[in-house]
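Colleague: Just the structure for this:
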Amino acid sequence: MDRYRTKLDGWLREICPNVYFQPPPSLQLKYPCVIYRLSSEDVAYASNTRYKRHKVYEVIVVDRNPDTDLPDKVAELPYCSLSRPYQADGLNHYAYTIHI
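Modeller: Predicted coordinates for the structure are as follows:
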């Protein structure tokens, strides 16, 4: 596990005990939970050379309770922004983007 993912995983486990990195569809999730995956990279170039690179993760908080405080805790993480909240399968989802 790379050091950026280790750092993000540690932050998320301080917020919620049920944290999953790219869980397979067959895995039975325990709610509330946080699911995260590598989404993309943010790369900056200058003089035809890459000089800055950040990994971008999608972090999704999933909870049955629509008034949960977990999204607020995730939103306080550095370089984090809310992408979209939505409901699916009777669960509340809050999708965030985090640049590390």
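Colleague: close enough to count as contact, D9 and Y20?
Modeller: No. Contact status for D9 versus Y20: not in contact, 10.1 Å apart, counting by C-beta atoms under 8 Å. For every residue, glycine as well, the C-beta is placed using N, CA and C.
Colleague: Please enumerate the shared neighbours of the two.
Modeller: Shared between the contact lists of D9 and Y20 (criterion: C-beta atoms under 8 Å, 6 or more residues apart in numbering) are residues Y36.
Colleague: Name the residues that touch stretch 38-49?
Modeller: Applying C-beta under 8 Å, 6+ apart, the external contacts of stretch 38-49 come out as 5, 22, 50-58, 97, 99.
Colleague: what about 6 Å?
Modeller: By C-beta atoms under 6 Å, 6 or more residues apart in numbering, the residues outside stretch 38-49 that reach it are R50, K52, R53, H54, K55, V56, Y57, E58, H99.
Colleague: now the most centrally placed residue in the chain, which residues is it bridged with?
Modeller: Centre of the chain computed as the mean C-alpha position; nearest residue by C-alpha atoms, centre = their mean is V59, 1.7 Å away. Residues in a beta bridge with V59, per DSSP bridges, are Y36, Y96.
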